[in-house]
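J.: Structure here, sequence nowhere to be found:
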């Protein structure tokens, strides 16, 4: 009598250290004898648990107790190569942006998170760039083609100076003064402040809120150097354009090439700050900014354009 037992697969793949059932679908009336027995929980049951440390071929002898007929089968359990990961070492740095790098012998997916259970804030990629404020631990989950996994972590302590410019590049009339504002993002940092050019700082030197007064018309760069208690330095710059009101608007070009469209051009050093109101009574809010602008009027006529 032919024994009908068919194993569910001839090859099974497992991760190192994982058990696996060899024969979950079986014929209860048959007798089973598996070998080698050393990595099986019971070599005489229909569906033993196998825990091999290396790839192993398991032989099965089936016996029909009613007829005495026997048959043999074989199944291979492939044990994947153990995952290994090389990861950026723990570090303390003055850098604000830090590259975390990982490599693996068989890994194909790299998942990063600041949560040890990877429940939120995940990024995928072999290498990522992070910008922690202070100390942060980043966890790495590596997966191979069999979804075997390995978790590692790296702790980064960024002592960088983190600044935010609250005053953007701006302008003022020559002879006027202007307060500049810079914020320290890290409340744990104790900062010293130095502004340049020092001769144009009329008050607030040594603070994040200096008052400046450009000496000449044109664009002046005000640079702040902030140093924290760790000796880390942050540098940023604000551009301030001073406009000489004595010749403000003297460099204008106004051209009407065709139809009712008029081109307005400012050529001065502060022209990029110009604000134009086109004086269209049918559209009182018609305006634009910059050195070169244009506007199409609804009808021919005389319009008063305001420049500031």
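T.: Ah, there it is. Keep in mind the model is a prediction, meaning the values are calculated, not measured.
J.: Please name the strands paired to the helix-or-strand element of the chain with minimal mean pLDDT in the sheet, noting orientation.
T.: One helix or strand of the chain scores below all others by mean pLDDT, DSSP states H and E: strand 252-256, with a mean of 83. As defined by DSSP bridges, the strand partners of strand 252-256 come to strand 261-266 (antiparallel).
J.: Could you point out the helix or strand that follows the strand it pairs with?
T.: Note on strand 261-266: by DSSP states H and E, the next helix or strand toward the C-terminus is strand 275-277.
J.: Touching the least confident helix or strand of the chain from outside, list them.
T.: With contact meaning Cβ atoms under 8 Å, 6 or more residues apart in numbering, strand 252-256 is reached by 262, 263, 264, 265, 266, 267, 307. For every residue, glycine as well, the C-beta is placed using N, CA and C.
J.: Now for the residues you listed: which two are most distant?
T.: 262 and 267 (16.5 Å; Cβ to Cβ).
J.: Who has more neighbours out of these two?
T.: In terms of neighbours (other Cβ atoms under 10 Å), residue 262 is the more surrounded of residue 262 and residue 267; the figures are 17 against 11.
J.: show me what contacts the more buried one?
T.: Residue 262 makes contact with 254, 255, 256, 294, 295, 296, 297, according to Cβ under 8 Å, 6+ apart.
J.: Now, of those residues, which are buried?
T.: The neighbour count (16 or more other Cβ atoms under 10 Å) marks 295, 297 as buried among the contacts of residue 262.
J.: Would you convert the contacts of residue 262 into a markdown table that also reports distance to residue 222?
T.: Formatted as a markdown table, the contacts of residue 262 follow (distance: Cβ to Cβ, whole Å):
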| residue | distance to residue 222 |
| --- | --- |
| 254 | 34 |
| 255 | 36 |
| 256 | 40 |
| 294 | 33 |
| 295 | 34 |
| 296 | 39 |
| 297 | 40 |
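J.: Closest to residue 135 out of the contacts of residue 262?
T.: Once Cβ to Cβ is applied, the member of these that ends up nearest residue 135 is residue 294, at 54.1 Å.
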